[in-house]
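[1] Pasting a predicted model and its sequence here:
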Amino acid sequence: MASVRPSLTRARFGPLLIHPIAHPHIANAVVTPPSLPAVPDLLPSGSAPGGAAAASGAVSGQGGTLAPSFSPLYQQIKTLILRSLQSGEWRPGEAIPSEIDLAARFKVSQGTVRKAVDELAAENLLVRRQGKGTFVATHSEEQVQYRFLRLAPDVPDATPGSARREFLDCRRLEAPSDVAAALQLQAGEQVLEIRRVLHFSGQPVVLDDIWLPAHLFKGLTAERLGEYRGPMYGLFETEFGVRMIRAEEQLRAVAAQPSVAHLLHVEPGAPLLSVERLAFTYGDQPVELRRGLYRTDRHYYRNELS
């Protein structure tokens, strides 16, 4: 039998974008959105004096001249807005300045600002509200779904309903080598390890093992996780200032091990969908590794492609 190579799939938090696969028989799939631009310390600009570089406080090069720019001006403005989002100048749920004000701030045209804001809105980092302005997107808003749980019920027109979260464990430990590598941690650094089960309609459907860099989530406990009524990513951004911007996922079919079968109420060896997710914040910094096992006897994993 011919060997099977993993396929590569790229997606944003919105509709998932699928790249061609290397082999018609798919064993694995990797879901990853296009990377957001890292926010540099220096944003060179070739625009007119007093333009985006000056507004951003960019440092001049040797001889007092600005380094030449190799990116469109609107991309430079987008990077400046990302820098403000990363610094917390505008917090989740807050309005950002108007396009006119941003154009004056960065000394560029309103059209240039609009193009930058349009891209950030398409990436679900900003939300436009008719007649109200543009706001920083938040995981706590119902209409802005950053969460990656894409389960849909097999029964047509049915809804999966609200998930009941059961937190089994939350502890601090030295990061295992594979977790440290994924989260770009140094040897010996601590992580928070969380185990939870998601129940739908009274049935356990998802078992998640989650690892977070401990230094970013000081004070996070199983009790606090259980008390919070919104999405987990909403808790991360409101109480710890960590925003999940994009994620990569690897999908594969696995057989349920006895310990897992007990928690998900299935027979040992039953087929499960394994979803390994690495979530990133600004600057493409990985801040969460999640390994989930999904029952698919009554649900399926749904992706919207465009």
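    Great, that's in hand. Numbering: from 1, shown residues only.

[2] Now for residue 248, how many residues are close by?
    Residues lying near residue 248 (other CB atoms under 10 Å) number 19. C-beta here means a position set from N, CA and C on the backbone, and glycine is covered the same way.

[3] What distance do you get for it to residue 271?
    23 Å (CB to CB, to the nearest Å).

[4] Now do the helices in the stretch 101-250 of the chain.
    110-122, 177-182, 222-227, 232-239 (DSSP state H, counting those that start in this stretch).

[5] Counting by contacts, list what the first one packs against.
    Spelled out, that is helix 110-122. helix 73-87, helix 99-106, strand 126-129 (3 or more CB pairs under 8 Å, 6 or more residues apart in numbering; DSSP states H and E).

[6] and among these, the most buried is which?
    Comparing the helices and strands packed on helix 110-122 on average neighbours per residue, with mean count of other CB atoms under 10 Å, the densest one is helix 73-87 at a mean of 21.

[7] Kindly spell out which helices and strands sit in contact with it.
    Where contact means 3+ CB pairs under 8 Å, 6+ apart, helix 73-87 is packed against helix 52-56, helix 99-106, helix 110-122.

[8] quick revisit: in JSON lines, list the helices and strands packed on helix 110-122 along with distance to residue 222 and mean pLDDT.
    JSON lines is the format used below for the helices and strands packed on helix 110-122 (distance: least, CB to CB, whole Å; pLDDT from 0 to 100):
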{"stretch": "helix 73-87", "distance to residue 222": "29", "mean pLDDT": "89"}
{"stretch": "helix 99-106", "distance to residue 222": "42", "mean pLDDT": "93"}
{"stretch": "strand 126-129", "distance to residue 222": "32", "mean pLDDT": "87"}
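
[9] what's the closest of these to residue 178?
    For the helices and strands packed on helix 110-122, proximity to residue 178 was assessed by CB to CB; helix 73-87 is nearest, at 27.8 Å.
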